[in-house]
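S.K.: Predicted coordinates and the sequence they were generated for:
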Amino acid sequence: MAAVSVLGAGSWGTALAILLNNNGHEVALWSIIEDEVNLLNDTRENKSKLPGIHIPNEINITNNLKEAILGKDMLVMAVPSKFVRNTANLMKEYVTKDQIIVNVAKGLEDDSLYTLADVINDEMPDNPVAVLSGPSHAEEVSRNIPTTCVAGSKDHDIAKKVQDIFMNSDFRVYTSSDVIGIEMGGALKNVIALAAGISDGIGFGDNTKAAIMTRGITEISRLGVAMGAETQTFAGLSGIGDLIVTCTSMHSRNRRAGILIGKGYSLQEALDEVKMVVEGVYTAKAALDLSEKYKVEMPIIREVNEVLFKGKDTKKAVEDLMIRDKKIEYKK
C-alpha cells in the first residue's frame, strides 16, 4: 500500500482518487477551493463533474496543502495546465525530495513553452517526475470501464512504480521513457480535437474528421520529433490513442467546444456552454509558437489559432487547408 495525494479535485483528479482508493492505497484528494472541499465532503459526490459517482469515505478530502503532502509517497498533479506552475510553487514548501510527482494534466505553459513536466522540474528540481497519459475519460474510468494508459519517466524504476500503484484489472498501464513524446501527444491532441469538433459543428462528415485526425497526428509527431521525442510514441496510447478518443467522444470538452464554434458560437460563448476547462484553447497558441521556433509546418494548428483568436470563418479555414500547395504524403 502507498500513501498518495491527488492535487486537483476536478473530474480527472476525482476519478483517479477513487481508482487509487479501490487499489487499496491511502488516498487524499486536495482542492485549493474551500467551498468545493466542503461540498465534496458533505455529499461525497462531484455532482457537477462526475454525477452519480460515490467518493469513498476512506478518501480524505482537504484544502490543507501541507496535510495533503506530508508523509505521502506519491503526489499526483491533476490541476488544469494553466495552474500547474502556481500549484507546484505552493507545493515546494512541503515536498521532500523522495516524493514522486506524477503529472496527469495535458497542456503546455504559454509563456515559457515548457511541457508540464518541465514546469514541475523547474519548480521542484530535486524530485523525480513522471507523467501518466492516454485515452482516458474520467467519466469512464470512474465507472471501471476498461482503460489503458502509459506512465512515462526517464527513470524506468519511477515509471514502474507509477505502473504498480495505478494498474488494476480495469486500468492497464504501460511504461515508457519518452516523456516529451507522451506530453506532446497529450497536449496537442486537444487542439486537433477542437478542429475535429469544428468540422462536426459545420456539418462535415466522417471523411473530413478522418483527414483532420490523420494529418493532425502527422503534425503532432513532426513537432514532437523535432523536440526530441521518439516517432513510435505517436503511434501509441498517448499519440493516436488519445487523439482518437478526444476527437470522437462527446465526453471530450475540446470536441464539444469545437462543435459549438463550428455552429457559429464565439469562443467565449463556447467556453461558457461547456463549463469546464478546455485545454486545447490554452495550448493552441503555445503549439503555434513551438512550430515557429522549431520551423515545423503545422497548418491545422495554425488555422485553429486563426479561428479561435482572430475570428476567421470556420469554413474559410477548412477551404484554406484544402487548397494548400500539393504535397507528397510519403516518399521513401
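M.R.: Arrived safely.

S.K.: Check which element follows the longest helix along the chain along the chain.
M.R.: With DSSP state H setting the assignment, residue counts place helix 179-202 as the longest helix in the chain. Using DSSP states H and E, the helix or strand that follows helix 179-202 in sequence is helix 206-226.

S.K.: ok and that next one relative to helix 179-202, angle-wise?
M.R.: Put simply, helix 206-226 runs at 160 degrees to helix 179-202, going by axes from the mean of the first three to the mean of the last three Cα atoms, to 10 degrees.

S.K.: hang on, the earlier thing: CA atoms only for the longest helix of the chain - export them in PDB, please.
M.R.: Listed in PDB are the C-alpha atoms of helix 179-202, where the atom choice follows Å, rounded to 0.1, in the frame of the first residue of the first chain:
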ATOM      1  CA  VAL A 179       8.400  11.800 -21.500                       C
ATOM      2  CA  ILE A 180       8.500  14.600 -24.100                       C
ATOM      3  CA  GLY A 181       6.600  12.400 -26.700                       C
ATOM      4  CA  ILE A 182       3.900  11.500 -24.200                       C
ATOM      5  CA  GLU A 183       3.400  15.100 -23.100                       C
ATOM      6  CA  MET A 184       3.400  16.500 -26.600                       C
ATOM      7  CA  GLY A 185       0.800  13.900 -27.800                       C
ATOM      8  CA  GLY A 186      -1.400  14.600 -24.800                       C
ATOM      9  CA  ALA A 187      -1.200  18.400 -25.200                       C
ATOM     10  CA  LEU A 188      -1.500  18.800 -28.900                       C
ATOM     11  CA  LYS A 189      -4.300  16.300 -29.400                       C
ATOM     12  CA  ASN A 190      -6.600  18.800 -27.700                       C
ATOM     13  CA  VAL A 191      -6.000  21.300 -30.400                       C
ATOM     14  CA  ILE A 192      -6.700  18.800 -33.100                       C
ATOM     15  CA  ALA A 193      -9.900  17.800 -31.300                       C
ATOM     16  CA  LEU A 194     -11.000  21.400 -31.400                       C
ATOM     17  CA  ALA A 195     -10.600  21.200 -35.200                       C
ATOM     18  CA  ALA A 196     -12.500  17.900 -35.400                       C
ATOM     19  CA  GLY A 197     -15.300  19.400 -33.300                       C
ATOM     20  CA  ILE A 198     -15.400  22.500 -35.600                       C
ATOM     21  CA  SER A 199     -15.800  20.100 -38.600                       C
ATOM     22  CA  ASP A 200     -18.600  18.300 -36.900                       C
ATOM     23  CA  GLY A 201     -20.300  21.600 -35.900                       C
ATOM     24  CA  ILE A 202     -20.100  22.900 -39.500                       C
END
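
S.K.: I'd like the distance from stretch 7-17 to the chain centre, please.
M.R.: 12 Å (Cα atoms, centre = their mean, to the nearest Å).

S.K.: ok, and what's touching that stretch?
M.R.: 6, 27-31, 33, 36-37, 40, 46, 49-50, 53, 55, 59, 61, 65, 68, 75-80, 83, 87, 91, 104-105, 136, 138-139, 141-142, 166, 276-277 (Cβ atoms under 8 Å, 6 or more residues apart in numbering). C-beta coordinates here come from the backbone N, C-alpha and C atoms, glycine included.

S.K.: cool, and stretch 267-280?
M.R.: Outside of stretch 267-280, the residues within contact range by Cβ under 8 Å, 6+ apart are 10-11, 48-49, 80-82, 105-107, 187, 190-194, 253-254, 256-258, 260-261, 265, 281, 304, 308-309.

S.K.: ChimeraX command to pick out the buried ones of the contacts of stretch 7-17?
M.R.: Buried members of the contacts of stretch 7-17, identified by 16 or more other Cβ atoms under 10 Å, are gathered into one ChimeraX selection as follows:
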select :6,27,28,29,30,31,36,37,40,46,49,50,53,55,59,61,65,68,75,76,77,78,79,80,83,87,91,104,105,136,138,139,141,142,166,277
